[in-house]
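Undergrad: I need the structure of the sequence given here:
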Amino acid sequence: MKERIWILMVFCLCLQQPSSGGNTSLVPQQSDSHIILPPPLVEGDMSVEEAIRLRRSVRDFSDHSLTISHISQLLWSGQGITEAFKRAAPSAGATYPLTLYLIVGEGGVEGIPHGIYEYIPDSHSLICMKEGDFRSGIASACLNQTFIAKAPVSIVIAADYERTTRRYGERGIRYVHMEAGHVGENIYLQAVALHLGTVVVGAFQDDELHHVLGLPVEEVPLYVMPVGFPGK
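TA: Residues are numbered from 1 along each chain as shown. A predicted model of the protein is given here:
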């Protein structure tokens, strides 16, 4: 009986699809250790052209909390499932070497406790890796760029190079970096469409950031993207 219930839960998660209507699920749904995000919207009020025109790098953030819907859209735009075996950003040979991590500060997101979360694209969910507010540690690892500690959340893009290099050899390193760029720009434009701000941070101590995040040994951090409502 327990096996049948578990299969049904997995099947229901796999059926989750992006929504073209209003997002009515504003409270995170708990499933064991996972936080199930509400389905992302695939239609918005801002055109791609307008988002490109308005895109700027933002380093000054207000103290307003984000919503679970904001998080759903941002993570989906970077690595979300758009149809079977397809994601929001292209990947060489569909090797998908990237993982997104969400760092949530205290009070940073309504309904989500502060901590470090891994985004799971297949179920459009979060799994908590570490509990606590690690924004100051992230800022310290990023050469003391203090604005990172003031953003309600940050998204970190990390790579497992071997997923791609085992197929393409050394050329796969280039492909991984290209994919990180695709994901970063998607998140940039989605943030603009949500009237949020972000900036790409590449100045950090690799080992220190790896330690703060608690990444698997095979993963390397590539991007840090603090996100929030612009302060000005």
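Undergrad: run through the helices of this protein in chain order.
TA: Using DSSP state H, the helices of the chain run over 2-14, 48-54, 68-79, 135-141, 147-150, 162-168, 171-193, 206-213.
Undergrad: what comes up buried for the shortest one?
TA: Of the residues in helix 147-150, those with enough neighbours to count as buried (16 or more other CB atoms under 10 Å) are 147-150. For glycine as for every other residue, the C-beta is placed from the backbone atoms N, C-alpha and C.
Undergrad: neighbours around residue 84, how many?
TA: Other residues lying near residue 84 total 6 when counted by other CB atoms under 10 Å.
Undergrad: before we move on, the earlier item: mind putting the helices of the chain in a markdown table, mean pLDDT and distance to residue 101 included?
TA: Converted to a markdown table, the helices of the chain look like this (pLDDT from 0 to 100; distance: least, CB to CB, whole Å):
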| stretch | mean pLDDT | distance to residue 101 |
| --- | --- | --- |
| helix 2-14 | 36 | 20 |
| helix 48-54 | 98 | 24 |
| helix 68-79 | 99 | 10 |
| helix 135-141 | 99 | 10 |
| helix 147-150 | 98 | 14 |
| helix 162-168 | 98 | 16 |
| helix 171-193 | 99 | 12 |
| helix 206-213 | 98 | 6 |
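Undergrad: looking at these, which is closest to residue 89?
TA: Nearest to residue 89 among the helices of the chain is helix 171-193 (4.1 Å), distances taken as CB to CB.
Undergrad: residues making contact with the closest one?
TA: With CB atoms under 8 Å, 6 or more residues apart in numbering as the test, helix 171-193 has contacts from 44-46, 48, 51-52, 54-55, 73-74, 77-79, 88-92, 95, 97-98, 100, 155, 157, 159, 161, 164-166, 168, 197-198, 200, 222-223, 225, 227.
Undergrad: just the buried residues from these, in PyMOL please.
TA: Selection of buried members from the contacts of helix 171-193 for PyMOL, criterion 16+ other CB under 10 Å:
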select buried, resi 51+55+73+74+77+78+79+88+89+91+92+95+97+98+100+155+157+159+161+164+165+197+198+200+222+223+225+227
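Undergrad: about what we covered before: nearest to residue 135, out of the buried residues of helix 147-150: which one, please.
TA: Of all the buried residues of helix 147-150, residue 149 has the smallest distance to residue 135: 4.4 Å, by CB to CB.
Undergrad: so how far is residue 138 from the residue most central in space within the chain?
TA: Nearest to the geometric centre of the chain sits residue 75, at 3.8 Å (CA atoms, centre = their mean). Noted for residue 75: a distance of 17 Å to residue 138, by CB to CB, to the nearest Å.
Undergrad: dump the residue contacts of residue 206.
TA: Applying CB under 8 Å, 6+ apart, the residues contacting residue 206 are 220-221.
Undergrad: circling back to that earlier point, ranking the helices of the chain by burial, who's on top?
TA: Of those, the one with the most neighbours on average (mean count of other CB atoms under 10 Å) is helix 68-79, at a mean of 24.
Undergrad: okay, angle between that helix and helix 171-193 too, please.
TA: With axes from the mean of the first three to the mean of the last three CA atoms, to 10 degrees defining the directions, helix 68-79 sits at 150 degrees from helix 171-193.
Undergrad: by contact count, what packs against helix 68-79?
TA: Packing contacts for helix 68-79, counted by 3 or more CB pairs under 8 Å, 6 or more residues apart in numbering; DSSP states H and E, involve strand 98-104, strand 115-120, strand 153-159, helix 171-193.
Undergrad: which one of the ones you listed lies closest to residue 132?
TA: When those are compared by CB to CB, strand 115-120 sits nearest residue 132, at 6.1 Å.
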